[in-house]
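Peer 1: Sequence and predicted structure below; questions after.
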Amino acid sequence: MKQITAGQIAEAVNGNVIGNTDLAISGVASLMEATENQASFVGNKRYLSQLPDSKAGIILVDKKLKKQLDTNRTYVLCDNVDYGFSKVIAFFAPEPVTYAPGIHPSAIVAESAKLAEGVYIGANAVIDENAEIGSGTAIGAGTFIGQEVIIGAQCQISPNVTIMHRCKVGHKAILHPGVVIGGDGFGFVPGPQGLAKVPQTGIVQIDDDVEIGANTTIDRARFGRTWIKSNVKIDNQVMVAHNVEVGESTILIGQSGIAGSAKLGRGVIIAAQAGINGHITIGDGVQVAGTSGVVKSLPAGSIAVGTPAEGQREFMNRRSMPKKFDRLSKKFIALKAEVEELKK
Amino acid sequence: MKQITAGQIAEAVNGNVIGNTDLAISGVASLMEATENQASFVGNKRYLSQLPDSKAGIILVDKKLKKQLDTNRTYVLCDNVDYGFSKVIAFFAPEPVTYAPGIHPSAIVAESAKLAEGVYIGANAVIDENAEIGSGTAIGAGTFIGQEVIIGAQCQISPNVTIMHRCKVGHKAILHPGVVIGGDGFGFVPGPQGLAKVPQTGIVQIDDDVEIGANTTIDRARFGRTWIKSNVKIDNQVMVAHNVEVGESTILIGQSGIAGSAKLGRGVIIAAQAGINGHITIGDGVQVAGTSGVVKSLPAGSIAVGTPAEGQREFMNRRSMPKKFDRLSKKFIALKAEVEELKK
Amino acid sequence: MKQITAGQIAEAVNGNVIGNTDLAISGVASLMEATENQASFVGNKRYLSQLPDSKAGIILVDKKLKKQLDTNRTYVLCDNVDYGFSKVIAFFAPEPVTYAPGIHPSAIVAESAKLAEGVYIGANAVIDENAEIGSGTAIGAGTFIGQEVIIGAQCQISPNVTIMHRCKVGHKAILHPGVVIGGDGFGFVPGPQGLAKVPQTGIVQIDDDVEIGANTTIDRARFGRTWIKSNVKIDNQVMVAHNVEVGESTILIGQSGIAGSAKLGRGVIIAAQAGINGHITIGDGVQVAGTSGVVKSLPAGSIAVGTPAEGQREFMNRRSMPKKFDRLSKKFIALKAEVEELKK
């Protein structure tokens, strides 16, 4: 059984031990599930209250919380608990599942497709005409790669993904199951026979180091491209509409949606279930709170909350209406009594 | 043609006939679509107003609504209309679609996989290395079962489902098409080269008697497990993030989302499009209204509404602000007039 | 290289040129991305401010905005910019991807299935027993068509779609990847052994000219049918629950959800992320704003905003509470001062 001591953990995460440097653990778990033989972590002061009830042998804690720890157990203090605990997790993690290069005999690969060295194509996957797949990329079972799609090197495309014709995926992309890249954008105009489809003739372009969560959909552009820039991280069930542009290192969290032609800057965070209107611009570093609905463009660095979204101060003021109203009501009653008194 | 009389229905649902016991119908339909030869139902008093316009031959009605019925037609009164009408539906339902045990020749089953007796594997399904599938379980066409996945007995796994490596599914699970179990959890830490992926080394564990709706996604844990306990019912397009724990018999309705490490108790109901923040605890029997965003832990038995979610009373008070404000405004104007009067 | 002049564009869109009729462009792009050799468009006056910074050679503009244009460049004025620009896009669009009729050798087609003339069945698609597919319809790779499903003529069913047993799809339907038609509706009743499944024995019926976006799910009825009428357009990740009825030419935008047995009229627009409660009726032509939660039936032609949804006027009044409150507070302070004065 694999084991690691508090001292070894401290060395690995560049941290310090409080307590027993030689104490060894053989696994990881959450604070409340961990046993004496496991390590856990406190990444946030709100978990400090759970510490007395945790049986964890070793606990990784943020250096800043040092003064709030009781001293009868073993801690490893570190600068970045998340990062540090990931190292401990990795130490105990099972061997990753990997696939040796090669094309499964049941996969259907068009003769005109170009596969670079070291590519893996899973069972029953379909690679359509003139598609190109970069070196070391793995295509999961049952995945469809459309005509003239270009995928870079070292990508991990999961099973049951769909990438439609002519879309482009950069290097080192990770696409989880059920992702759909390049479905048509949603566009109709009223016509003589009802709603007429606006042809969606563009593509989706995904740059390098992008990760896309399960069942997320990114629509092809009406013309030109829907553009996901490098290092963007997208969670599950996110919807990105046609002609959207998402800037470098932006994060789109689960079930959020970006409407057509919206333009997001760099380092933006769109929290879970939030929605961004079409045709607006979200500046660099903007943070949108979960479930918010953003209807107007937002300047760089701003924080938006609520629907329609507004600044935190405005939002808090709005939230406090009932309290403020009660206070004013009471004051009003008092004043009315004074007036009654005066009238007498 | 199959037929059933009011008397036979009453016997089957342990109810009473008002009207013609021998009246026979040959099918079911909704109140407004039903003909004289069909049965329908009123499960809720708000549908009573549609009764005069319904042509249904027999109507199943809640016993409590007896006094509100006009007497010139045939009813079957019962304690639980939903349950009773299900019996009538079942009587007329077409034969269910079933699949005889066997492995379709086009399915790809790894030699190391273990299939119990009576298993059905659909066309083009893929069962990866060392997967185990329990007796009587059906795996739909095009479904992917990853390495070392363990699935219990008597499960119905639909077509085009994806279950990633090492996840566990209990007995009698029903998974609808497009479900993704075990995509990576969403975790990144800022690193020297931008956002660095936090490895997701855990699994998803689904206990017995769980049903999961179309295109729902349940992410694997960062470490340990994302845990769906027995008898949980999950609707379509729900997102369950990494390390979430969902208690027995809890219900997650369509398009709701549960963020990472949240812990839900037993018998919780999360209504449609609601969101639960990460790292919070939702007590047993909590009910969260549709579209609500819950940001704090909730005690057992509580009801939460709105975003950020609060109690029903607080929510109703907040909703009534415009009315209360108008009343206060009017009172203020009156008082001001009195003061003006006094000043004179 | 293909080229088109301002005069030729004007002729095609029935518009007028301002500027150089002979100016030719060789492509299209958005206002800020277009070069001198490309056409772009202004469909909305809020983009007028970007005009001075655009390098586009030719700009299509709504006739109504004529007076707001500076005159030193080339415009094509038209009645419907969206429609007109679509024509220019189509002129430059790459050849559409098409599939010649035929059945890919890897597709699994049951002997009892009936395929009309000119059908295309993609690689690894599965057509189950007694399914019927109309003439000229294309079924994408990896798609599953269940037992006794009936699909009309000239449909485009994308790869990795799932249509479950007995559902019906009309003519000229367009289904994008990951769509699930006919998963079970979500219904349970409390029973002696916990939640008991309510059998879902009905179907989904989709009429002609319907388009359905990626990863959208439409559940089968408990009995009878979930009914999507002709010319309905549904965006990505929309959820339509069991027994819902959606009227002709209604539009359901991304991530919206319609709960069980709701009935939507003709020409309704449900904007992004909005939710419609179960068992309510939405009249013809109703418009529901994005992210709204509609809990009561709405009369024809109404507009609903917010959660719980209300009229625009009520919504705006509610939004203005903080401002109104501040004004009243100030007036109150002034009045209180007057009273103090009087008391002296």
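Peer 2: All right, it came through fine.
Peer 1: all contacts plus neighbour counts: C-alpha atoms, from now on.
Peer 2: Will do.
Peer 1: OK, contacts around A:Ala12?
Peer 2: Contact analysis of A:Ala12 by Cα atoms under 8 Å, 6 or more residues apart in numbering or on different chains lists A:Gly84, A:Lys87.
Peer 1: Next, find the distance separating it from A:Ile89.
Peer 2: Using Cα to Cα, to the nearest Å, A:Ala12 is found at 12 Å from A:Ile89.
Peer 1: try A:Glu314
Peer 2: 42 Å.
Peer 1: So for those two, which sits in the more crowded spot?
Peer 2: A:Ile89 (24 against 15; other Cα atoms under 10 Å in any protein chain shown).
Peer 1: from memory that one sits against A:Val28, does it?
Peer 2: Yes: counting by Cα atoms under 8 Å, A:Ile89 does reach A:Val28; the two are 6.4 Å apart.
Peer 1: Overlap in contacts, these two.
Peer 2: Common neighbours of A:Ile89 and A:Val28 (Cα under 8 Å, 6+ apart) are B:Phe223.
Peer 1: for the top helix by length along chain A, packing partners?
Peer 2: Among the segments of chain A that qualify as a helix by DSSP state H, the longest is helix A:321-343. In terms of contacts (3 or more Cα pairs under 8 Å, 6 or more residues apart in numbering or on different chains; DSSP states H and E), helix A:321-343 is packed against helix B:312-319, helix B:321-343, helix C:321-343.
Peer 1: which stretch among the ones you listed comes nearest C:Thr201?
Peer 2: helix B:312-319 (36.5 Å; Cα to Cα).
Peer 1: same question for the closest one, mean pLDDT?
Peer 2: Helix B:312-319 carries an average pLDDT of 95.
Peer 1: got it, and stretch A:300-309?
Peer 2: The model assigns stretch A:300-309 a mean pLDDT of 97.
Peer 1: on that earlier part again, looking at the helices and strands packed on helix A:321-343, spot the one closest to C:Gly57.
Peer 2: Per Cα to Cα, nearest to C:Gly57 of the helices and strands packed on helix A:321-343: helix C:321-343, 46.2 Å.
Peer 1: Could I get the CA-only coordinates of the closest one as PDB?
Peer 2: The C-alpha coordinates for helix C:321-343 follow below in PDB (Å, rounded to 0.1, in the frame of the first residue of the first chain):
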ATOM      1  CA  MET C 321     -38.300  50.500  -6.200                       C
ATOM      2  CA  PRO C 322     -34.900  51.600  -5.000                       C
ATOM      3  CA  LYS C 323     -35.100  54.900  -6.800                       C
ATOM      4  CA  LYS C 324     -38.600  55.600  -5.700                       C
ATOM      5  CA  PHE C 325     -37.700  54.600  -2.200                       C
ATOM      6  CA  ASP C 326     -34.800  57.000  -2.100                       C
ATOM      7  CA  ARG C 327     -37.000  59.800  -3.300                       C
ATOM      8  CA  LEU C 328     -39.600  59.100  -0.600                       C
ATOM      9  CA  SER C 329     -36.900  58.800   2.000                       C
ATOM     10  CA  LYS C 330     -35.700  62.300   1.200                       C
ATOM     11  CA  LYS C 331     -39.200  63.700   1.200                       C
ATOM     12  CA  PHE C 332     -39.700  62.100   4.600                       C
ATOM     13  CA  ILE C 333     -36.600  63.600   6.000                       C
ATOM     14  CA  ALA C 334     -37.800  67.000   4.800                       C
ATOM     15  CA  LEU C 335     -41.200  66.600   6.200                       C
ATOM     16  CA  LYS C 336     -39.800  65.400   9.500                       C
ATOM     17  CA  ALA C 337     -37.700  68.600   9.700                       C
ATOM     18  CA  GLU C 338     -40.800  70.700   9.000                       C
ATOM     19  CA  VAL C 339     -42.600  68.900  11.900                       C
ATOM     20  CA  GLU C 340     -39.600  69.500  14.100                       C
ATOM     21  CA  GLU C 341     -39.900  73.200  13.200                       C
ATOM     22  CA  LEU C 342     -43.600  73.200  14.000                       C
ATOM     23  CA  LYS C 343     -43.000  71.600  17.300                       C
END
